[in-house]
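Peer 1: coords please:
(chains A and B)
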Amino acid sequence: MIFRFWYFIRETFVSLWRNLSLTLAAILTVAISLALVGSSLLIREGADQATAQFQEGVEFIVFMNADALENQNEAIRKVLDTSPAIKEYVYVDKFAAYEEFRELFVDKPELVESVTPEIMPPSYRIVPSDPDADNVTELARQFSEQPGVKEVATATEAIRQIEDFSTRVSQALLLAAIVLVAVSAVLILNTVFTAISARKTEIEVMKLVGATNWFIRIPFMLEGTIHGLMGAGLAVPALFVVDSRVLAYFQESEAVPLFRGFAVPDGFVWNTSIWILVIGAAIGMIGSAFAVTRYLDV
Amino acid sequence: MIRFETVTKTFKGEVVALREASAEIQRGEFVFLVGPSGSGKSTFIRLINREEVPDAGKILVAGKDVSSLSSWKVPYLRRNIGYVFQDYKLLPKKTVTENVAFALEVIGRPRPIIKRQVPAILELVGLSRKADRLPEELSGGEQQRVSIARAFVNRPLILLADEPTGNLDPATSVGIMRLLDRINRSGTTVVMATHDRSIVDTMRRRVIELDRGMLVRDESRGVYE
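Peer 2: Modelled structure (predicted):
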């Protein structure tokens, strides 16, 4: 069994080396496509983080004073429950607000340390029946006059622009990535096919002396899988560069204060990297599986 | 050892390669397949090791019906059947030893067994002194000996040879035939397709003649014609 293992490894790498130029092309295409897939995911996540509070139709948020009285809260709730102008709302208490704050600024522990749940303002996230800007402004003004209300934040044009921008960019990247993923699978198929053609006599002899189909297939499938994994391996550092350069650039931007929330937690980059590796291996396996079933079967 | 029961094989539905052929070959026999090009000799051989599947009829090899064998079992059938080609099919970048060892490696034989069996078989075919040569450094006859060593190293029950002397001069061919005869005398059934009249006439073994897919003659100590 150990002997077979080394046989497969040896055969795989000999074949990779023989086909060097095609191999490099396949690996680079995989790397580029997966870097795009990853960037698309990072940008979407960054935008989600930046606009976290204003999702799912929430148009404005009523922040209460941290020490607001219970009857002040009740008064607000009563309006929210009865007013036809309000479609739905979510109450975020100070503990939930604190959790969210911690998640958002996980990369800035000094900021997290400076707050406690007690000083976090509880809030109502409100979905109005009519999301028209004038209507929202009017509703916000009404709520800001209620006792116990600290301030009312509305989903400004800026937030909508961030969401639009990030959606469009990540969709464009994703589309390009899907095309490139398909291209790289075909390229891997071709590389493996070339490897198969280069060893025609060898394969013929193997079949006639009674090597099993899997014994013949495995080195070629390993070859394809290695293309995919190596490409993914190159894409992973690219993700960290995107995270530390591109997203950080947004965060430091003074022009649009909201971009400062445009960060992804470190864990997210690692998770994405693992997915990229899995996708890379899958592309390689699928591409080479096509090649071996089409060109190698008895 | 090998039994054909009214076997028919056509290609693309028109070209008849074999028409209702029946024959029985006993263990340890030496059989020549003769007939003009396109008479079905190669198909006959390829049906035995399941490179082809018959359209009708049954083929029994060592008691098993190979025409209905499921495809994952085919490799195990072939481990009992050696195969010698007209054009040797040696791997050009491997030495004589590596070419022969390859046949054992790819069926997962352990290394100690390979180390023992390969030199023994090279001794048998008379190539011990050229064990580290590449195929291109050998004569045609020597290359065919390597090919026979590779086919026989696993001690198969049956040895199939498709025109093994087709590319060799008469003197060299005699040497190859001596080798195949020796292998046959060790108990291996040999089926050999050939055009070589003098070989068939000299050896006087069983001759099966095919003509346009029909089995037209089967003699136990036959001549070419």
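Peer 1: dump the residue contacts of the nearest residue to B:Arg217 once chain neighbours are set aside.
Peer 2: Among residues not flanking B:Arg217 along the chain, B:Glu209 sits closest, at 3.9 Å (C-beta to C-beta, 6 or more residues apart in numbering or on different chains). Heads up, the C-betas are built off the backbone N, CA and C, glycines and all. Residues in contact with B:Glu209, defined by C-beta atoms under 8 Å, 6 or more residues apart in numbering or on different chains, are B:33-35, B:215-218, B:222.
Peer 1: tell me which element B:Glu209 is part of?
Peer 2: Using DSSP states H and E, B:Glu209 sits in strand B:206-211.
Peer 1: quick one: low-confidence ranges for chain B?
Peer 2: Scanning chain B for pLDDT under 70 picks out no residues.
Peer 1: Up against chain A, what does it have?
Peer 2: B:49, B:51, B:71-72, B:74-81, B:83, B:89, B:91, B:102-103, B:105-108, B:110-111, B:150-151, B:154 (C-beta under 8 Å from any C-beta of the partner chain).
Peer 1: Please convert the buried members of these into ChimeraX selection syntax.
Peer 2: Of the residues of chain B next to chain A, the buried ones go into a single ChimeraX selection, burial set by 16 or more other C-beta atoms under 10 Å in any protein chain shown:
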select /B:49,51,74,75,77,78,79,80,81,83,89,91,102,103,105,106,107,150,151,154
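Peer 1: if we can go back for a sec, just the buried positions in the strand holding B:Glu209, please.
Peer 2: In strand B:206-211, counting by 16+ other C-beta under 10 Å, buried: B:206-210.
Peer 1: With stretch A:213-222 instead?
Peer 2: For stretch A:213-222, by 16+ other C-beta under 10 Å, it's A:213, A:215-222.
Peer 1: same thing with stretch A:85-92?
Peer 2: Buried residues in stretch A:85-92 (16+ other C-beta under 10 Å): A:86, A:89, A:92.
Peer 1: Just checking, which of these comes out lowest on pLDDT?
Peer 2: Lowest pLDDT within those is found at A:Ile86 (78).
Peer 1: Start and end of stretch B:46-64, how far apart?
Peer 2: Terminal residues of stretch B:46-64 are spaced 16 Å apart (C-alpha to C-alpha, to the nearest Å).
Peer 1: Buried residues of it, list them for me.
Peer 2: Those would be B:46-52, B:54, B:57, B:59, B:61, for stretch B:46-64 by 16+ other C-beta under 10 Å.
Peer 1: Mind putting those residues into JSON lines with secondary structure?
Peer 2: Formatted as JSON lines, the buried residues of stretch B:46-64 follow (DSSP: H, G, I helix; E, B strand; the rest coil):
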{"residue": "B:Arg46", "secondary structure": "helix"}
{"residue": "B:Leu47", "secondary structure": "helix"}
{"residue": "B:Ile48", "secondary structure": "helix"}
{"residue": "B:Asn49", "secondary structure": "coil"}
{"residue": "B:Arg50", "secondary structure": "coil"}
{"residue": "B:Glu51", "secondary structure": "coil"}
{"residue": "B:Glu52", "secondary structure": "coil"}
{"residue": "B:Pro54", "secondary structure": "coil"}
{"residue": "B:Gly57", "secondary structure": "strand"}
{"residue": "B:Ile59", "secondary structure": "strand"}
{"residue": "B:Val61", "secondary structure": "strand"}
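Peer 1: Select from the contacts of B:Glu209 the one having the most neighbours.
Peer 2: B:Leu33 (26 neighbours; other C-beta atoms under 10 Å in any protein chain shown).
Peer 1: Can you spell out which residues form a bridge with it?
Peer 2: Counting by DSSP bridges, B:Leu33 is bridged to B:Ala193, B:Ile208.
Peer 1: was I right about it contacting B:Ile45?
Peer 2: Yes: with contact defined as C-beta atoms under 8 Å, B:Leu33 reaches B:Ile45; the gap is 7.1 Å.
Peer 1: Give me the common contacts of these two.
Peer 2: Contacts common to B:Leu33 and B:Ile45, judged by C-beta under 8 Å, 6+ apart, are B:191, B:193.
Peer 1: Tell me how many other residues crowd the residue in the stretch 51-200 of chain A that chain B sits nearest to.
Peer 2: For the stretch 51-200 of chain A and chain B, the shortest gap (C-beta to the nearest C-beta) falls at A:Arg199, measuring 8.9 Å. Using other C-beta under 10 Å, A:Arg199 is surrounded by 20 other residues.
Peer 1: I'm done for today, thanks for sticking with me.
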